[in-house]
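Undergrad: what's the 3D shape of this:
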Amino acid sequence: MDEKVTYVNGWLLPRGIRVEPQPVSVPSNARGIAEMINCDYVDVIYNRVASEDGDSTKICGYLDDEGLIKPHSIDDVNHLAMFLFDYTNPIIGDVIVVDSGAGGYDADLPEWLVDMCDDVVIGAAETYNVSMGVTLMLLQAVEDGIISADEMEEAIALDQPDEKFAELAELAVRYAEVKEEGGLSIVDGLDKLLAEQEDN
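TA: Numbering: from 1, shown residues only. Here you go, the predicted structure:
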């Protein structure tokens, strides 16, 4: 006899940028969740989140277990999920979020978490902007001959995210220092790069 499927109110966190959490009714079976995020195998991540008033809950995220090994582009990165789950590894594809509470599966997302929606979107946008800024710096540095394409490829191929970030940051700083003109700060230099990129 098939297990009875129940539903709770959760979020669908879409991949990409300029997106927002979408309220969805989430089934209690893995097959139903996999269909919602268009995958074959579901992986699970957790995080404890808290409101400014001291309320807290443990949330559960369902994602594509094979997302990283499937062909993907930067448009497939889920910045919302990475921000909400404080996750350093890339999360690829859409993600379903429910309230896991004490490990059960019988509660809707609390209202205070729903109210945090704007903060989640803003935080993810900031994370995306920083990562894109570093990427632009590195691409421009390669184009200007300040670093080699091999150096950049080695930096982004590292397995450990902390090491990867440190290497990317080091290369970005090298580039910013070499490009610095007239006392421009690294931030001002980045703003200049972004403006030049928009003009091209």
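Undergrad: And the helices in the chain?
TA: Secondary structure of the chain by DSSP state H: the helices cover 30-36, 79-84, 111-115, 117-143, 149-156, 161-179, 186-199.
Undergrad: Now do the shortest one: which elements does it pack against?
TA: It refers to helix 111-115. Other helices and strands packing on helix 111-115, by 3 or more C-beta pairs under 8 Å, 6 or more residues apart in numbering; DSSP states H and E, are absent; none qualifies. The way it works is simple: take the backbone N, C-alpha and C, and place the C-beta from them, glycine included.
Undergrad: Pull out the buried positions in it.
TA: 112-113 (16 or more other C-beta atoms under 10 Å).
Undergrad: Return that helix as PDB; C-alpha atoms alone will do.
TA: The C-alpha trace of helix 111-115 is given here as PDB (Å, rounded to 0.1, in the frame of the first residue of the first chain):
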ATOM      1  CA  GLU A 111       5.300  33.800   9.200                       C
ATOM      2  CA  TRP A 112       8.400  35.600  10.500                       C
ATOM      3  CA  LEU A 113      10.500  33.600   8.000                       C
ATOM      4  CA  VAL A 114       8.200  34.500   5.200                       C
ATOM      5  CA  ASP A 115       8.600  38.100   6.200                       C
END
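Undergrad: Look up the pLDDT of Asp162 for me, please.
TA: Note for Asp162: predicted pLDDT of 50.
Undergrad: Setting aside sequence neighbours, what's the nearest residue to Val26?
TA: Excluding the flanking residues, the one nearest Val26 by C-beta to C-beta, 6 or more residues apart in numbering is Gly10, at 4.1 Å.
Undergrad: What count of nearby residues applies to Ile33?
TA: 19 (other C-beta atoms under 10 Å).
Undergrad: From Asp86, how far off is the residue nearest to Val26?
TA: 18 Å (C-beta to C-beta, to the nearest Å).
Undergrad: re earlier: who touches the residue nearest to Val26 in this structure?
TA: 23-26, 96-99, 108-109 (C-beta atoms under 8 Å, 6 or more residues apart in numbering).
Undergrad: swap the cut-off to 10 Å and go again
TA: Going by C-beta atoms under 10 Å, 6 or more residues apart in numbering, Gly10 touches 21-27, 33, 36, 59-62, 96-99, 108-109.
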